[in-house]
Structure formats: structure tokens, C-alpha cells
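Participant: Curious how this folds, go ahead:
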Amino acid sequence: MVRPQSSLIHTAAFLLSAPSFIHASPGFDCSKVISQGVQWNLKELGGDRTVHWFREDGVISKNTTFTIDICKPIGKKKNVESEDQCHGGTRVCGIEKTTNSAENTNGSTTGIFSIAGDYITKLGHGLEAEVHRLKGSRSHSDSTEEGLTLELSGGKVPFEKSGKKQKAIIEFRCDRNTDGTDTDKDDTVEGDDGKKTEGKVKRDDEEKEKKAPMKFISYKNEESGKEDWDVLRVSWNTKYACEDAINDPNLNKGSSWGFFTWFIIILFLAVASYLIFGSWLNYNRYGARGWDLLPHGDTIRDIPYIMKDFGRRVVTTVQGGGSRGGYSAV
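Facilitator: Sure, this is the predicted structure:
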């Protein structure tokens, strides 16, 4: 049967679009990030990482803490009410707290931003991820630098289907002298009185900001594809963003087992399985005992003698026949 031309066109169009669909699937793998044939392993940068955005207006100060985990959904915090946290499945979350210095309070939660995550059951779609290589990019001002841009989206504010679309753009820059894992992992610290204070967080963050590998750039409205988005931009300096990092044994040492290790393990399991099964078969079929249980038991018993004879022959071959013309003494 001849397939109509229109059907072939639709099929071809689907196949061409398939890589983009897979690329933006909920199963984003931070250990295998690929763009333009270059692969990065960002697994070491996983975990809850935070950056802060401070604003002050008279006695009112606002601190928005953005928590990012590029590898898995952010875990729920203990001793924090569910309504004061982002929704389940979130990978990029923003929590805004407002403090009035005149009232001498620790601040209250005034904003929750579920920016990116897997929201299939709540919003009808999963995590959307896009990766762009910096080097050679025509649209990027730093097209000569090594690194990549990771765009994560899927959230909305307010958290409903009619809410405003959210997106996080994380720019990983190659810095061979920076690990990039020494980032802030907590949005609050203990004060002298045992209470968590926003003021102390601000002072500590301002001191760290100049040398921090992960920095907040902006969180504002941007137009993308003729739509308005709230876009979070973060810069992250790390050696794992270098294009040759995945081939550097110093970076990936111990991260996975090599081919030879797996070969030895599989060979050992295969031999063990063969011996166990053969012993069971000999026992049930012939009632064998002792060495007779093992398959090829006679050969196994002779292995020491075979190896000894083989070694003697090797030594004789290496040393040569001496002056006897190849004959050995009787």
C-alpha cells in the first residue's frame, strides 16, 4: 500500500521535532548535558543551592531567596509550613520575606514563586529544559567563552494554569580555578538569640557576594516568543562548565566504574554461576560428593600442576637450551 504524501510529510515533521521533545522531557539528566556535540557532567553541582535578592524601601526590606537544584526536586524543609514552601516537584523556587524594621520582627512570607519543576498533575506539564552552548553562539555577547546556559521552566505565578509563566536561566561559566560547589545552602542563619534573622543573612551575603561562584543577576519581566515571562537569571562559575571537564580524570575520578572493572565483575559472576549450577546438577543427577561436585573437577585439581609445568616450559624457553643443543639431561 502506498502511503499518501501528506502522511509522509507529517511523519517526517514529527521525527524532526522528536529531539526537541526529548530534550525538554521531565527526565532531565544533570550528569549528561549535551549541546552542539559537547557534553557536560553537572552532577557535582546538584543539591539545594541558594542566592538572595535584597531590596530596601525605608523601613521595609524584602529578601527573596531563590533555591535551585538542577538534578532533582527541592526537598521540603522541616519546621516550615507547607503553604510557606514551593509546590512539590519544584527545582527552582523563590520565597519572599518582608521585614518592617520599625516593628522589630523577623519577617513574614509575602511571596512564593514556583519557577520551574515537574507539575504534570497540577499544571498539566512536566519540567521543560533547554541547553545552549556559549561558545560560538551568535546571540550571546560572550560567544568566545566556554560554558553553557541552562533554561528551566514549567512554573506559574500564581500557581494555576492561568498564572504568569516563569523561567530560570542559569549561565554556567568555565572557571578552571573554581569548584563552584561552595555555594550558600541555607536561606537563614542562627542569630545570637537563637532566632533566625534576615539582617544577619544580608550582611553575610554581602560579604560573600564578591567571591561567590553563584550570583543572582535579576528577576524581572521579559518578553520571550511574544509572551511575557518572569525570568530569573543566575550566573555560576565552575570548572564543571569547561568543555574538556568531562574528559579530565581529575574531575571524574571515582565517579563511575570503568569497562575493565565491569568486565571482571561480570566474568566472576559468570564463573561462580557456572560452578554453582554444575555442582547442583552433579549432586542431584549423580549423587557426587567432594571434588566430584565441581564440573571438570579433575581439571581443576590439576591446575596447580598445569601451571607449574607451564612455568617450567616458559623458563626453559627464555633461558634457551644451553650447550646441549636443545637436549635436556635425563
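Participant: Excluding its own residues, what touches stretch 237-249? List them.
Facilitator: With contacts defined as C-beta atoms under 8 Å, 6 or more residues apart in numbering, stretch 237-249 is touched by 38-42, 44-45, 135, 146-148, 172-181, 213-214, 251-252. Placement of C-beta: from N, CA and C, glycine included.
Participant: Just the buried subset of these, written out for PyMOL, thanks.
Facilitator: In PyMOL, a selection of the buried entries from those looks like this (16 or more other C-beta atoms under 10 Å):
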select buried, resi 38+40+41+42+44+45+135+146+147+148+172+173+174+175+178+180+181+213+214+251
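Participant: And stretch 263-283, what's buried?
Facilitator: Within stretch 263-283, the residues scored as buried using 16+ other C-beta under 10 Å are Ser279, Asn282.
Participant: State the mean pLDDT of that stretch.
Facilitator: For stretch 263-283, the mean per-residue pLDDT is 88.
Participant: Which helix or strand contains Glu145?
Facilitator: Assigned by DSSP states H and E, Glu145 falls within no helix or strand.
Participant: Excluding covalently adjacent residues, which one is nearest to it?
Facilitator: Once flanking residues are discounted, Glu145 sits nearest to Leu134: 5.4 Å by C-beta to C-beta, 6 or more residues apart in numbering.
Participant: One more: Lys43?
Facilitator: Leaving aside its sequence neighbours, Lys43 sits nearest to Ser31 (C-beta to C-beta, 6+ apart; 4.1 Å).
Participant: I'd assumed Thr317 was in a strand, is it?
Facilitator: No. According to DSSP: H, G, I helix; E, B strand; the rest coil, the state of Thr317 is helix, so it is not within a strand.
Participant: So it versus Gly311, what's the distance?
Facilitator: Relative to Gly311, Thr317 is positioned 11 Å away (C-beta to C-beta, to the nearest Å).
Participant: Ser61 now?
Facilitator: For Ser61, the distance to Gly311 - C-beta to C-beta - is 81 Å.
Participant: and the two? which has more neighbours close in?
Facilitator: Ser61 (18 against 10; other C-beta atoms under 10 Å).
Participant: buried ones in the helix or strand encompassing the more buried one?
Facilitator: Counting by DSSP H and E, the element that carries Ser61 is strand 60-68. For strand 60-68, the buried set under the neighbour-count rule, 16+ other C-beta under 10 Å, comprises Ser61, Lys62, Asn63, Thr64, Thr65, Phe66, Thr67, Ile68.
Participant: and it, what does it pack onto?
Facilitator: Counting contacts by 3 or more C-beta pairs under 8 Å, 6 or more residues apart in numbering; DSSP states H and E, the secondary-structure elements packed against strand 60-68 are strand 49-57, strand 90-100, strand 108-117, strand 164-174, helix 198-208, strand 214-224, strand 227-238.
Participant: How far off centre is that strand?
Facilitator: Relative to its chain's centre, strand 60-68 lies at 25 Å (C-alpha atoms, centre = their mean, to the nearest Å).
Participant: would you put the C-alpha positions of it in CSV?
Facilitator: Provided in CSV are the C-alpha atoms of strand 60-68 (Å, rounded to 0.1, in the frame of the first residue of the first chain):
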residue,chain,number,x,y,z
ILE,A,60,10.6,47.9,54.7
SER,A,61,13.1,45.4,53.4
LYS,A,62,12.5,42.4,51.2
ASN,A,63,14.6,39.3,50.8
THR,A,64,13.8,36.8,48.1
THR,A,65,15.7,33.5,48.5
PHE,A,66,15.9,31.5,45.3
THR,A,67,16.7,27.8,45.8
ILE,A,68,17.9,25.8,42.8
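Participant: Tell me what angle it forms with strand 164-174.
Facilitator: Counting by axes from the mean of the first three to the mean of the last three C-alpha atoms, to 10 degrees, strand 60-68 lies at 70 degrees to strand 164-174.
Participant: Contacts for strand 60-68, please.
Facilitator: So strand 60-68 is contacted by 48-56, 74, 86, 91-101, 107, 110-111, 113, 115, 168, 170, 187, 198, 201-202, 216, 219, 232, 234 (C-beta under 8 Å, 6+ apart).
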